[in-house]
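Participant: take this sequence and fold it.
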Amino acid sequence: MYDTPNLPPLKRVPPGMWTALAWCVAMAYPSVVAGASRHTYGPHAGDALPTHRDWLLIGSASVLAFAACAVLRRLPLTSVVLLLVSTVVATGAWTQQVELSPASLLTVYVALCLVTATGSRRTSRTALAMVLLVLLGHLAMLPAQGSHLFLTGRSIGASDAGLLVAVIAWLAGRSIRQSRDYAEKLGDQAATQAVTAERLRIARELHDMVAHSIGIIALQSGAARRVIETQPARAREALGEIEAASRETLSGLRRMLGALRQSGSDAEPDGTPLHLMPGLADLDRLAATTTAAGVRVDVRWSGERRQLPPDIDLSAFRIVQEAVTNVVRHAGSDSCRVSVDCRETELSVEVLDEGRGHGTTTGTGYGLAGLRERVALLHGQFTAGPRPEGGFRVAASLPVPTGVR
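Facilitator: Predicted coordinates for the structure are as follows:
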């Protein structure tokens with residue numbers, strides 16, 4: 001099972017909670033700021049202390065605002081309308097002496113930003129239009145002096161600034177929405193690429209694992225069919241090789257399927273490793289099996305033999321295995337030579353045969369394409385093609401990380 005990472009603490013807070021917190025801050029702001037002027041809250045904002053009637057209006061507006069916060073996610077437009085009404089009631093903005101300052105509209109701004117960030121484009125634009133219409137209507141109700149200042153642009157009043165902040169809040173929400181959409185697209189692309197890479201990896205492993213064994217089985221079964229009447233002992237030997245190759249292939253398939261089912265786990269409950277993948281140490285066994293099938297494999301080592309990283313060791317073995325399989329199936333040759341050169345910073349492998357080199361194409365088939373992908377993933381170099389003097393050559397150079405001994 002995959003563990004789902006926990007969300008950051010701030011992202012665990014629902015949108016309605018943010019708007020409720022903004023309402024509390026907006027209601028407490030006039031009491032915190034000393035010398036509240038007529039641009040602050042309350043129908044009698046010029047008074048030093050709110051009256052009993054003011055507290056009643058603020059309490060009623062708060063109940064309405066908290067109800068709007070509760071339905072912000074399900075009914076965003078209704079919530080914005082209720083918050084506008086709550087702000088107008090709490091500030092007494094229906095009169096001609098009180099302006100709606102940016103501080104008094106804090107809850108509306110937060111709601112507008114959240115609706116724009118989480119809702120559809122149509123919903124966000126509708127919410128912005130409602131907020132602007134209410135603020136413009138309120139500006140129209142203000143005394144002529146305030147309207148004149150707004151129109152001439154010589155100075156900006158509190159209500160005028162509220163319009164600008166509303167637009168800024170909408171743009172901020174829009175930016176958040178675009179950033180999230182972009183991040184989701186990147187995540188989808190990364191997931192698709194990961195799935196594709198995993199499919200290719202599994203396809204390469206299945207091909208490399210099965211193709212060689214099937215080639216050996218086909219060669220041995222043909223030999224057994226030809227000599228079963230004249231040389232029963234040789235036929236029994238070929239059948240034994242077929243059985244051994246079949247069992248080895250089935251065992252490899254079981255390990256691979258077990259590894260896929262046990263994703264996130266590296267071992268069975270009893271501690272047996274799942275990824276018992278072959279490496280260059282298995283070249284002798286590969287050569288013996290292929291030689292028994294009728295194609296002699298001469299393995300030559302040069303350089304210092306040492307422990308290699310698992311991915312390089314596996315890839316080098318798969319390159320040799322695929323090349324030898326192609327010799328068995330396509331070259332028409334009775335022998336091939338495998339050369340492995342272990343250098344300090346590079347591992348080179350080469351497979352040469354003297355068969356029908358021009359009859360083996362380099363651009364078709366899944367085997368060589370899979371080898372090219374393997375080498376490319378390891379930032380190595382891969383070549384495969386007919387030899388001028390006859391036969392076919394497969395060669396690869398894989399860089400070995402510094403410090404590996």
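Participant: tell me which residues of the helix or strand containing V85 are tucked away?
Facilitator: According to DSSP states H and E, V85 maps onto helix 76-91. For helix 76-91, burial by neighbour count (16 or more other CB atoms under 10 Å) applies to 76, 79-84, 86-91. The way it works is simple: take the backbone N, C-alpha and C, and place the C-beta from them, glycine included.
Participant: contact partners of that helix?
Facilitator: Helix 76-91 is contacted by residues 19, 23, 26-27, 41-42, 45, 57-58, 60-62, 64-65, 67-69, 71-72, 93-94, 98, 100, 104-105, 107-108, 111-112, 115, 118-119, 123, 126-127, 130-131, 134, 138 when judged by CB atoms under 8 Å, 6 or more residues apart in numbering.
Participant: put the alpha carbons of that helix into PDB.
Facilitator: Listed next in PDB are the C-alpha coordinates belonging to helix 76-91 (Å, rounded to 0.1, in the frame of the first residue of the first chain):
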ATOM      1  CA  PRO A  76     -20.100  30.200  -3.600                       C
ATOM      2  CA  LEU A  77     -22.200  32.900  -5.200                       C
ATOM      3  CA  THR A  78     -24.800  32.800  -2.500                       C
ATOM      4  CA  SER A  79     -22.000  33.000   0.100                       C
ATOM      5  CA  VAL A  80     -20.500  36.100  -1.600                       C
ATOM      6  CA  VAL A  81     -24.000  37.800  -1.600                       C
ATOM      7  CA  LEU A  82     -24.500  37.000   2.100                       C
ATOM      8  CA  LEU A  83     -21.000  38.400   3.000                       C
ATOM      9  CA  LEU A  84     -21.700  41.600   1.100                       C
ATOM     10  CA  VAL A  85     -25.000  42.000   3.000                       C
ATOM     11  CA  SER A  86     -23.300  41.200   6.300                       C
ATOM     12  CA  THR A  87     -20.600  43.800   5.600                       C
ATOM     13  CA  VAL A  88     -23.100  46.500   4.600                       C
ATOM     14  CA  VAL A  89     -25.200  45.800   7.800                       C
ATOM     15  CA  ALA A  90     -22.200  45.700  10.100                       C
ATOM     16  CA  THR A  91     -20.700  48.900   8.800                       C
END
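Participant: check the offset of it from the chain's centre.
Facilitator: The chain centroid and the centroid of helix 76-91 are separated by 40 Å, computed with CA atoms, centre = their mean, to the nearest Å.
Participant: what are the ranges of the helices in this protein?
Facilitator: 15-32, 52-70, 76-91, 106-118, 121-141, 144-152, 158-227, 232-261, 283-292, 310-326, 366-377 (DSSP state H).
Participant: which other helices and strands does the last one contact?
Facilitator: This means helix 366-377. helix 158-227, helix 310-326, strand 381-386, strand 392-399 (3 or more CB pairs under 8 Å, 6 or more residues apart in numbering; DSSP states H and E).
Participant: so A292 sits against E241, correct?
Facilitator: Yes: between A292 and E241 a contact is recorded at 5.4 Å, counting by CB atoms under 8 Å.
Participant: can you pull the residues that touch both of those two?
Facilitator: Q220.
Participant: which of the buried residues of helix 76-91 sits closest to D181?
Facilitator: Nearest to D181 among those, counting by CB to CB, is P76 at 17.7 Å.
Participant: how close does L377 sit to D311?
Facilitator: L377 sits 8 Å away from D311, taking CB to CB, to the nearest Å as the criterion.
Participant: one more: I319?
Facilitator: Taking CB to CB, one finds I319 at 13 Å from D311.
Participant: now S86
Facilitator: S86 is 62 Å from D311, where distance means CB to CB.
Participant: for S397, give the beta-bridge partners.
Facilitator: Residues in a beta bridge with S397, per DSSP bridges, are S348, Q381.
Participant: could the helices of the chain go into JSON lines alongside mean pLDDT and distance to E344?
Facilitator: Formatted as JSON lines, the helices of the chain follow (pLDDT from 0 to 100; distance: least, CB to CB, whole Å):
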{"stretch": "helix 15-32", "mean pLDDT": "78", "distance to E344": "60"}
{"stretch": "helix 52-70", "mean pLDDT": "79", "distance to E344": "67"}
{"stretch": "helix 76-91", "mean pLDDT": "87", "distance to E344": "65"}
{"stretch": "helix 106-118", "mean pLDDT": "90", "distance to E344": "55"}
{"stretch": "helix 121-141", "mean pLDDT": "87", "distance to E344": "60"}
{"stretch": "helix 144-152", "mean pLDDT": "44", "distance to E344": "78"}
{"stretch": "helix 158-227", "mean pLDDT": "78", "distance to E344": "27"}
{"stretch": "helix 232-261", "mean pLDDT": "72", "distance to E344": "32"}
{"stretch": "helix 283-292", "mean pLDDT": "86", "distance to E344": "21"}
{"stretch": "helix 310-326", "mean pLDDT": "86", "distance to E344": "14"}
{"stretch": "helix 366-377", "mean pLDDT": "79", "distance to E344": "19"}
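Participant: D334 is nearest to which of those?
Facilitator: Nearest of these (CB to CB): helix 283-292, 10.0 Å.
Participant: what's the closest one packed up against?
Facilitator: If contacts are counted by 3+ CB pairs under 8 Å, 6+ apart, helix 283-292 sits against helix 158-227, helix 232-261, strand 296-303, helix 310-326, strand 335-342.
Participant: any idea which of those is most buried?
Facilitator: Counting by mean count of other CB atoms under 10 Å, helix 310-326 has the highest mean neighbour count of the helices and strands packed on helix 283-292, with a mean of 22.
Participant: tell me what it is packed against?
Facilitator: Using 3+ CB pairs under 8 Å, 6+ apart: helix 310-326 touches helix 158-227, helix 283-292, strand 335-342, strand 346-353, helix 366-377, strand 392-399.
Participant: out of these, which gets nearest to N326?
Facilitator: Checking those against N326 by CB to CB gives helix 366-377 as the closest, at 6.5 Å.
Participant: ok and the closest one relative to helix 310-326, angle-wise?
Facilitator: Helix 366-377 runs at 160 degrees relative to helix 310-326, counting by axes from the mean of the first three to the mean of the last three CA atoms, to 10 degrees.
Participant: report the distance from helix 366-377 to the chain centre.
Facilitator: Taking mean C-alpha positions (CA atoms, centre = their mean), helix 366-377 and its chain are 24 Å apart.
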